[in-house]
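> Could you look at this predicted model? Sequence included:
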Amino acid sequence: MRILSRFMPFFFHHFYHSFAWTYDFVAAVVSIGRWNDWVQTIVPYIQGATILEIGHGPGNLQHLLRNRDISVIGLDESIQMIHLAKKRLKKAGYKTINLTRGLAQMLPFPDAKFDSVISTFPSEYVMDPRTLSGIYRVLREDGCFIVMPAAWIVGKKILDKAAAWLFRITGETPTEFIGVASARFVPPLEKAGFQVVARQVEIRSSNVLILIASKNH
């Protein structure tokens, strides 16, 4: 497992960059077709009309929000992911595409610009103090940061058990919902000034962890 843990950062770097074109396929396979359903569970928690998505990936959530007439800006470090997202949005007929290349730790946006900042399945960068302070800065006073850090399969079918095992060995699945939420995610958010509420959403024999971090007044 120690060798695997050392290999995973290398794997994910190339997965998001040189092999970004495989993202949708791999995500669908490892989740047994649940990936987009997981991502969409964040939508009911989004508030306001001006949204920033950090780590937009191939643009699935961007497409969904645009279809609902929600004004959304996307930021991603991977130029390959930006290319995929632009291609998806252009194919859907959108002429104006608001995607920016940049680091979450150095958000290139003015203060109090967004009603909500969202992120689904982000890497470790999302809990970097620089990322959290930047998110706090760009949110309006009644804004919130909604992050979906993990999902895990609890079904009893053979494919469900195989997918759950794969998620465990890659470190993508929490072994205990409350423990992970409390020990890993909540303290950094609270330290950055947010008030945090954790939600567990059940969908298609799986659980999704969603954190709603409200900006303090």
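Received, thanks. Residues are numbered from 1 along each chain as shown.

> What separation do you get for the residue most central in space within the chain and Q47?
The centroid of the chain falls nearest to T120 when counting by C-alpha atoms, centre = their mean (1.3 Å). Remark: distance between T120 and Q47 (C-beta to C-beta, to the nearest Å) = 16 Å. Every residue, glycine included, has its C-beta placed from N, CA and C.

> Okay, and the beta partners of the residue nearest to the centre of the chain?
T120 has these beta-bridge partners by DSSP bridges: M148.

> how close does it get to I146?
For T120 relative to I146 (C-beta to C-beta), the value is 9 Å.

> who's in contact with the residue nearest to the centre of the chain?
Shown in contact with T120 (C-beta atoms under 8 Å, 6 or more residues apart in numbering): 38-39, 42, 55, 61, 147-148.

> Present the residues you listed as CSV; the columns should include neighbour count, pLDDT and secondary structure.
Formatted as CSV, those follow (neighbours: other C-beta atoms under 10 Å; pLDDT from 0 to 100; DSSP: H, G, I helix; E, B strand; the rest coil):
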residue, neighbour count, pLDDT, secondary structure
W38, 25, 84, helix
V39, 21, 86, helix
I42, 24, 92, coil
G55, 22, 93, coil
L61, 26, 93, helix
V147, 26, 94, strand
M148, 23, 89, strand
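
> Closest one to Y125 out of those residues, please.
Minimum distance to Y125 across the contacts of T120 is 8.0 Å, recorded for G55 (C-beta to C-beta).

> Which parts of the protein are helices?
Assigned by DSSP state H, the chain shows helices spanning 2-16, 23-30, 35-40, 60-67, 79-91, 129-138, 158-169, 177-180, 186-191.
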